[in-house]
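Asks: Turn this into a structure:
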Amino acid sequence: MCGRYYVDDDTAREIEKLVREVDSKVKNQGSMDIHPSESAVVLTGRRPVLSAEMMQWGFPQHQGNGLLINARSESVLEKRMFRDSVLHRRCIIPAGHFYEWTPSKEKVTFFREGDPVVLMAGFYNQFQEEDHFVILTVPANASVAKVHDRMPLILERSEIEDWVYDNGFLDFALHKKQPLLQKYQPYVQQSLF
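Replies: Numbers count the residues shown, from 1 in each chain. Coordinates of the predicted model:
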């Protein structure tokens, strides 16, 4: 699962290197944690070239009962709410890092060593005339599994356009091996036993 992530000036500079068109709202985002329901930058293929746009995080659930912020890669093509979006409206959510919490509620930061941006796979749809996105998750690999059993589907820079534009790439991406990530945990509970 991914329930919060971080963007900063380094993330913004990397976005500008990756896309040709940047929405003016994107340039003024600043450094901040992104929480569900907030607006954030996503990379889309709605225009002829890859572009950066602002969208709201989370699909509204039926009957207004909260938000769906993540979708499982294993079942995304089976879920009616997600299927059309993942087939036709894929996007990338750039972040400096993302967070997960241990069972004892300690925050752990995950990032890619030597790379200022983590490229998370997602998709979007429109609800009440506003664009909303969801982050795809996969079973956690060895670098995340001790903290949480899920992690975002991470894309390589070389996979950006394939994810956004190439429908044939979807099946590969949903099952690809995830990169190992580094973690930072400011406080680790010590055990006497």
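Asks: List the buried residues in the helix or strand encompassing L170.
Replies: Element membership of L170, judged by DSSP states H and E, is helix 169-175. Residues F169, L170, A173, L174 are the ones in helix 169-175 that count as buried (16 or more other Cβ atoms under 10 Å). In this view, the C-beta of every residue, glycine as well, is placed from N, C-alpha and C.
Asks: Help me confirm that the first one comes into contact with I160.
Replies: No: contact status for F169 versus I160: not in contact, 10.6 Å apart, counting by Cβ atoms under 8 Å.
Asks: Isn't C2 up against T137?
Replies: Yes: under the criterion of Cβ under 8 Å, C2 makes contact with T137 at 6.4 Å.
Asks: Could you name every residue contacting both of these two?
Replies: N70, R150, M151, P152 (Cβ atoms under 8 Å, 6 or more residues apart in numbering).
Asks: circling back: which of C2 and T137 has more neighbours?
Replies: It is C2, of C2 and T137, that has more neighbours when counted by other Cβ atoms under 10 Å, with 27 against 24.
Asks: From V49, how far out is that one?
Replies: For C2, the distance to V49 (Cβ to Cβ, to the nearest Å) stands at 27 Å.
Asks: what's near enough to touch the residue nearest to the spatial centre of the chain?
Replies: With distances taken as Cα atoms, centre = their mean, the residue of the chain nearest its centroid is M120 (3.6 Å). Applying Cβ under 8 Å, 6+ apart to M120 gives the contacts 2, 5, 92-95, 98, 135-136, 152-155.
Asks: gap between it and S104?
Replies: 25 Å.
Asks: One more: Q182?
Replies: Counting by Cβ to Cβ, the gap from Q182 to S104 is 21 Å.
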